[in-house]
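Undergrad: need a 3D model of the sequence below.
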Amino acid sequence: MSKKEVVSDASDDAVPHGSNNIAMYLEVEELEGIGPVMKTKLNTAGIVTVMDLASKSPNEIADAVGSDLQRATEISEKAREKLVELNYLGDNFVSATEIYKRRMAIERVSTGSRNLDDLLSGGIESQAVTEFYGEFGCGKTQICHSLCVKVQQSKELGGLHAKAIYIDTENTFRPERIVGIAEARNCDPDAILDGIIVAKAYNSSHQELIMSELGKQVRENGVRLVIVDSAVAHYRAEFLGRGTLSERQQRLNKFMHSLVRAAEIYNVAVVATNQVQASPDTYFGDPTRATGGHVVAHTSTYRIYIRKAGKNRIARMVDSPYHAEREVLFVLDEKGVDDPAEEGSSTPKRKQS
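TA: Reported below is the predicted structural model:
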């Protein structure tokens with residue numbers, strides 16, 4: 001592979017759903033009933049295009065424009081109808097055959113490990129939220145760093161020739177690690193670093209603000225991968241005790257659903273890491289449980305549990321609409337995520353570019 005084989009801003013691969021640019025850049029004022037005053041209010045809230053509007057809930061729209069919920073619901077529905085009219089979204093009722101055809105056209109980002117890709121039926125899926133959870137040091141952040149490099153490679157090498165957004169909530173993003181992975185995979189480190197947009201979230205409110213501005217970054221930079229490392233850390237640290245549990249879960253639920261909507265509307269692959277906690281009432285088996293409770297469990301499309309096994313790592317598919325619940329082995333090395341070496345050999349199973 002050429003060291004210059006990375007994303008360009010004008011790449012056709014950055015266009016979501018294989019559609020034209022009209023749907024992506026159509027401004028809110030094109031919708032009937034949205035005048036200059038309402039447009040200004042929406043733009044101030046970071047809602048610039050019809051796609052931005054479709055990705056927001058009626059409650060968020062109502063807060064942005066200062067209207068009642070019924071009016072906000074009407075605006076949200078008009079945005080969805082406009083995207084249907086432009087063939088960006090499907091009708092309310094479609095045949096399973098049509099959905100199957102769309103599913104076959106969904107793109108994936110390779111993790112860098114053939115075993116892990118096989119667990120995910122080809123890699124991290126666009127239009128979905130993939131959650132990795134496990135104890136500290138199991139490799140969650142290393143997977144995120146590897147994906148930031150892989151997404152910028154060509155489709156022949158498992159990438160999407162596009163940029164990545166890395167929302168860092170635990171101060172774990174390391175550009176040095178990106179440089180090491182890029183060099184090990186024969187990529188230009190400078191070009192790879194330029195293709196990663198980092199947003200450091202200092203608290204849960206800041207994390208939600210960054211999420212509200214995501215559409216603009218995706219639209220302007222040709223982003224196809226969004227990483228949140230980790231999604232629950234700030235909520236877990238800020239809302240302590242049972243008295244705050246309800247508010248924490250409501251805020252977390254809103255954030256996770258915004259990830260789901262963004263994945264589908266903007267046609268990006270979303271990866272969220274999660275912390276774990278021990279379940280004291282577990283007498284047999286692994287007491288490790290993902291944090292966030294049912295809110296995170298229900299909103300994640302795919303849920304993968306990572307644990308250590310000596311020098312190897314074991315990834316288990318815990319929840320998926322269609323994947324089998326099974327385990328695979330992978331390792332962490334200079335390439336980031338890779339396959340373990342064959343028994344009796346010091347070289348990996350395959351050489352990845």
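Undergrad: ranges for the helices of the stretch 1-150 of the chain?
TA: Assigned by DSSP state H, counting those that start in this stretch, the helices in the stretch 1-150 of the chain fall at 21-25, 36-44, 50-54, 58-65, 69-85, 96-104, 114-119, 140-150.
Undergrad: please give the element, helix or strand, for the residue nearest the centre of the chain.
TA: Nearest to the mean C-alpha position of the chain, by C-alpha atoms, centre = their mean, lies V270 at 1.1 Å. Using DSSP states H and E, V270 sits in strand 269-274.
Undergrad: so which elements touch that strand?
TA: Under the contact definition 3 or more C-beta pairs under 8 Å, 6 or more residues apart in numbering; DSSP states H and E, strand 269-274 sits against strand 124-125, strand 128-133, helix 140-150, strand 223-229, helix 245-265. For the C-beta atoms, the positions are set from N, CA and C on the backbone; glycine is no exception.
Undergrad: number of residues surrounding G139?
TA: Residues near G139, counting by other C-beta atoms under 10 Å, number 23.
Undergrad: excluding chain neighbours, give the residue nearest to P321 in space.
TA: Excluding the flanking residues, the one nearest P321 by C-beta to C-beta, 6 or more residues apart in numbering is T301, at 7.0 Å.
Undergrad: so that neighbour touches T130, yeah?
TA: Yes. Taking C-beta atoms under 8 Å as the definition, T301 is a contact partner of T130 at 6.6 Å.
Undergrad: more neighbours: which of the two?
TA: T130 (25 against 18).
Undergrad: ok, back up a step: dump the helices and strands packed on strand 269-274 to TSV, plus distance to V318 and mean pLDDT.
TA: TSV is the format used below for the helices and strands packed on strand 269-274 (distance: least, C-beta to C-beta, whole Å; pLDDT from 0 to 100):
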stretch	distance to V318	mean pLDDT
strand 124-125	16	98
strand 128-133	8	97
helix 140-150	14	98
strand 223-229	18	97
helix 245-265	16	93
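Undergrad: distance to S113 added to the ones you listed, as CSV?
TA: Below are these laid out as CSV (distance: least, C-beta to C-beta, whole Å):
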stretch, distance to S113
strand 124-125, 12
strand 128-133, 13
helix 140-150, 8
strand 223-229, 16
helix 245-265, 22
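Undergrad: nearest to Q275 among the ones you listed would be which one?
TA: strand 128-133 (7.1 Å; C-beta to C-beta).
Undergrad: figure out how far the closest one is from the centre of its chain.
TA: Centroid separation for strand 128-133 versus its chain: 7 Å, with C-alpha atoms, centre = their mean, to the nearest Å.
Undergrad: so what secondary structure elements neighbour that strand?
TA: helix 140-150, helix 245-265, strand 269-274, strand 302-309.
Undergrad: who does that strand pair up with?
TA: Sheet pairing of strand 128-133 (DSSP bridges) gives strand 269-274 (parallel), strand 302-309 (parallel).
Undergrad: the residue nearest to the centre of the chain is in contact with S258, isn't it?
TA: No. The pair V270 / S258 is not scored as a contact, 10.2 Å apart, by C-beta under 8 Å.
Undergrad: show me which helix or strand of the chain is least confident by mean pLDDT.
TA: Lowest on mean pLDDT, DSSP states H and E among the helices and strands of the chain sits helix 21-25, with a mean of 73.
Undergrad: the residue lying closest to Y266 once chain neighbours are set aside: what's it in contact with?
TA: Ranked by C-beta to C-beta, 6+ apart and with sequence neighbours excluded, the top spatial neighbour of Y266 is V218, at 4.8 Å. Taking C-beta atoms under 8 Å, 6 or more residues apart in numbering, we find V218 in contact with I165, V226, A262, Y266, V268.
Undergrad: doesn't V218 lie inside a helix?
TA: Yes. Counting by DSSP: H, G, I helix; E, B strand; the rest coil, V218 falls inside a helix.
Undergrad: find me the pLDDT at it, would you?
TA: On pLDDT, V218 comes in at 93.
Undergrad: how near is it to V270?
TA: 11 Å (C-beta to C-beta, to the nearest Å).
Undergrad: ok, K216 touching G46?
TA: Yes. Using C-beta under 8 Å, K216 is in contact with G46, at 6.6 Å.
Undergrad: report the set of residues contacting both of those two.
TA: Counting by C-beta under 8 Å, 6+ apart, the shared contacts of K216 and G46 are D52.
Undergrad: now a ChimeraX select for only the buried ones of the contacts of V218.
TA: Selection command for ChimeraX covering only the buried members of the contacts of V218, criterion 16 or more other C-beta atoms under 10 Å:
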select :165,226,262,266,268
